[in-house]
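1. only geometry, no sequence info:
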């Protein structure tokens, strides 16, 4: 009886010994290794979960492209409403005049403005106004009238200023191309401002696509 009980107790202890033998070196339980079937199931779930993300990214990129094209069209319409062909070409001529004045010293400036203000008041005031609807602007709003303005100014300038002007025309043309000439004669076209006017409807939008994609 007692021995058998002891023996039974010994058997229980051996069984307990087998159970503890399944533990790690420090008594920590071992983590069971996943079966190959469970690994396959995880991979399938990961692949299927990526497909909706890829489809949503493609839809988002398409939506951003359409939004960028619409922004380009809206910006072009607003820019065209403010700066028409006529006003942009007149601005080219005014920019040339402003840059030329910045190259002159005090004596040359006196000679320049002496000839400039010797013109009719409507003519010089219209050049300073430089915008449709303002007084005197009709003397400068077309290529032909700007050319007449320049030719009528030359005889009123001192010879030294006239030479400086001729030299600056050459320098300005080398730096900016036909910017000045296209504001005076139609031979040189209108420039790159309105190149999109002649583009086909399905042409890609102009501008920096990388910057627009970030908006």
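-> Ah, there it is. A quick note: this is a predicted structure, and the numbers were derived from the prediction, not measured. Numbers count the residues shown, from 1 in each chain.
2. separation between residue 77 and residue 83?
-> 12 Å (CB to CB, to the nearest Å). Every residue, glycine included, has its C-beta placed from N, CA and C.
3. what does residue 190 give?
-> 12 Å.
4. one step back: show me which of residue 77 and residue 83 is the more surrounded one.
-> residue 83 (15 against 10; other CB atoms under 10 Å).
5. how close does the more buried one sit to residue 125?
-> For residue 83, the distance to residue 125 - CB to CB - is 22 Å.
6. hey, where'd the helices end up in this structure?
-> 2-20, 36-82, 85-101, 106-116, 121-129, 143-153, 159-176, 179-182, 209-214 (DSSP state H).
7. hey, least reliable of those by pLDDT?
-> Looking at those, the lowest mean pLDDT belongs to helix 2-20 (a mean of 47).
8. how far away is the spatially closest residue to residue 96 that is not a sequence neighbour from residue 114?
-> Leaving out its chain neighbours, the residue that sits closest to residue 96 by CB to CB, 6 or more residues apart in numbering is residue 180, at 4.8 Å. The gap separating residue 180 from residue 114 is 23 Å, by CB to CB.
9. Can you pick out the residue with more neighbours from the two?
-> Between residue 180 and residue 114, counting by other CB under 10 Å, residue 180 is the more crowded of the two (21 against 13).
10. Looks like that one contacts residue 93 (just checking).
-> Yes: applying CB atoms under 8 Å as the test, residue 180 and residue 93 come out as touching, 7.1 Å apart.
11. Pull the contacting residues for residue 91.
-> 83, 130 (CB atoms under 8 Å, 6 or more residues apart in numbering).
12. I'd like the distance between it and residue 139.
-> 16 Å.
13. quick one, what contacts residue 137?
-> Per CB under 8 Å, 6+ apart, neighbours of residue 137: 126, 129-131.
14. Surely residue 145 and residue 138 touch.
-> Yes: with contact defined as CB under 8 Å, residue 145 reaches residue 138; the gap is 7.5 Å.
15. what's the neighbour count on residue 159?
-> 8.
16. Report the separation between it and residue 184.
-> Residue 159 is 22 Å from residue 184, by CB to CB.
17. do the same with residue 86
-> Distance from residue 86 to residue 184, by CB to CB: 14 Å.
18. Between those two, which has more neighbouring residues?
-> Using other CB under 10 Å, the more surrounded residue of residue 86 and residue 184 is residue 184, with 22 against 13.
19. just checking, the more buried one touches residue 143?
-> Yes: assessed by CB under 8 Å, residue 184 is found in contact with residue 143 at 5.5 Å.
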